[in-house]
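Participant: just a sequence and a predicted model for now, questions to come.
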Amino acid sequence: MVKKLNLGYEKIHACENDCMLFYGVDKDLENCKNCELSRYKDATNGGSDTIPRKILRYFKITPHLQRLYMSTHTVQYMKYSKNRIVTEGVLSHPADGEEWKEFDKNYPNFVADIRNVRLGLVTDGFPPYSNATSTVYSVWPVVLLVYNLPHTMSMKDPYMFMTLLVPGPNDPGRNLNVYLRPLIDELISLWQVGVQTYDASTKNNFMMRAALLWTISDFPGLGMVSRWSTHGKMACHVCMGEVKAKQLPHSKKSSFYGLHMGFLDKRRRSRRKGQIVHNMCAGITFPPPGKPHSKERADGFGDSHNWTHITSFFDLPYWDSLRLRHCIDVMHTEKNVFNNIFLTILCSAKTKDTTRSREDLKAMGIMQELWMNGTSSEIS
């Protein structure tokens, strides 16, 4: 339906093991460069059709952004972030935030034209099949948000543009970085060169540029886009190991209980600088992407660092200077906190008030009124 509007998508073949894309200089290869797996399935019934094992759907973002300026209905809203009424001390739009203002200070040439676009990237997995008896399968859409629009529009369906549809059946994990490559290349072009776009309000053309300000995901997804694993005693991607969690002896979970003051030290602000983060990974050798290497880790992983892979976001010329590169989705945080408290109060099957939890309290020497009296059998 949208193909005639030049809003279709490009099919990019991928290695079934998530090692690479058959894209760019590798588009004509017949086998994966890493695992040597054939690009195509074996022909059946004597047929000669070549069916790719895995396909990435790539929807270019540029035509969508151009149409926002070409339409007389939306072009007036694309300048809202600059022309809005600002109330001092009130955060009503991302443009009121420190990170937006810091970006403006660092890149005055980009800010000179208020029509240049600010973007946010969102990703999460979901099962496309509603039938509970079907085989478990999940896909990962990657969606871009346009922050030039009013906050009442930027989170609405018509203005949330899916750019990648990463196929399943399982989540790509750290290999999500492999599938981001076409989008990163397009974002680099939109930053360095731009694209000629018609402005319906002024009835002339201009060179539209775009910049990605941050990503938004849940906590597991954060590890996929930020390359810092969100599991284990070094799960915090902000302090990056400066504050290490303690492993609870009975439930075997990581806990930051009693360590919260370490996150309030303002002297550690420099840890957020992108260049510092980039330099931390310069001397680390990471395993190649793909399922055959999914259990391999870089030297020092879980001890001196939690880095899992090299992310292509740092190919963006401005990514080093960003301080707030990755955000946690508030909805997931609220939902998880509520579920843990509410289901514990109801004493449901998902309660956190278990025998092991009580034993961990005793081992930590806290909340003595909740310690177990006598002995009890282990429960799962």
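Facilitator: Nice, I can see it. Numbers count the residues shown, from 1 in each chain.
Participant: quick one: low-confidence parts of the stretch 251-380 of the chain?
Facilitator: 260-275, 374-380 (pLDDT under 70).
Participant: could I get the full set of helices for this protein?
Facilitator: Ranges of helices within the chain are 62-70, 80-83, 98-106, 108-111, 151-154, 176-179, 181-192, 219-226, 274-280, 330-345, 355-364, based on DSSP state H.
Participant: which one of the ones you listed has the most crowded surroundings?
Facilitator: Of all the helices of the chain, helix 176-179 has the most neighbours on average by mean count of other C-beta atoms under 10 Å, namely a mean of 23. Bear in mind the C-beta positions are built from the backbone N, C-alpha and C, glycine included.
Participant: could I get the helices of the chain as CSV with distance to Glu30?
Facilitator: Formatted as CSV, those follow (distance: least, C-beta to C-beta, whole Å):
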stretch, distance to Glu30
helix 62-70, 30
helix 80-83, 47
helix 98-106, 43
helix 108-111, 42
helix 151-154, 43
helix 176-179, 18
helix 181-192, 20
helix 219-226, 29
helix 274-280, 35
helix 330-345, 41
helix 355-364, 52
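Participant: for Leu37, find the nearest of the ones you listed.
Facilitator: helix 176-179 (13.9 Å; C-beta to C-beta).
Participant: ok, now which ones touch the most centrally placed residue in the chain?
Facilitator: The centroid of the chain falls nearest to Val225 when counting by C-alpha atoms, centre = their mean (4.1 Å). The neighbours of Val225, taking C-beta atoms under 8 Å, 6 or more residues apart in numbering as the test, are 121, 123, 176, 215, 217, 311, 313, 326.
Participant: ok, for the third one, nearest residue in space, not its chain neighbours?
Facilitator: Once its chain neighbours are removed from consideration, Leu176 has its nearest residue in Met224; the separation is 4.7 Å (C-beta to C-beta, 6 or more residues apart in numbering).
Participant: wouldn't that neighbour be in contact with Val178 here?
Facilitator: No. The pair Met224 and Val178 does not pass the contact test of C-beta atoms under 8 Å, sitting 11.2 Å apart.
Participant: what is in contact with these two at once?
Facilitator: Common contacts of Met224 and Val178 (C-beta under 8 Å, 6+ apart): Pro172.
Participant: sorry, back to before: quick one: which of the helices of the chain is nearest Asp18?
Facilitator: The nearest among the helices of the chain, by C-beta to C-beta, is helix 176-179 at 5.9 Å.
Participant: which other helices and strands does the closest one contact?
Facilitator: Secondary-structure packing of helix 176-179 (3 or more C-beta pairs under 8 Å, 6 or more residues apart in numbering; DSSP states H and E): strand 140-146, strand 160-166, helix 219-226.
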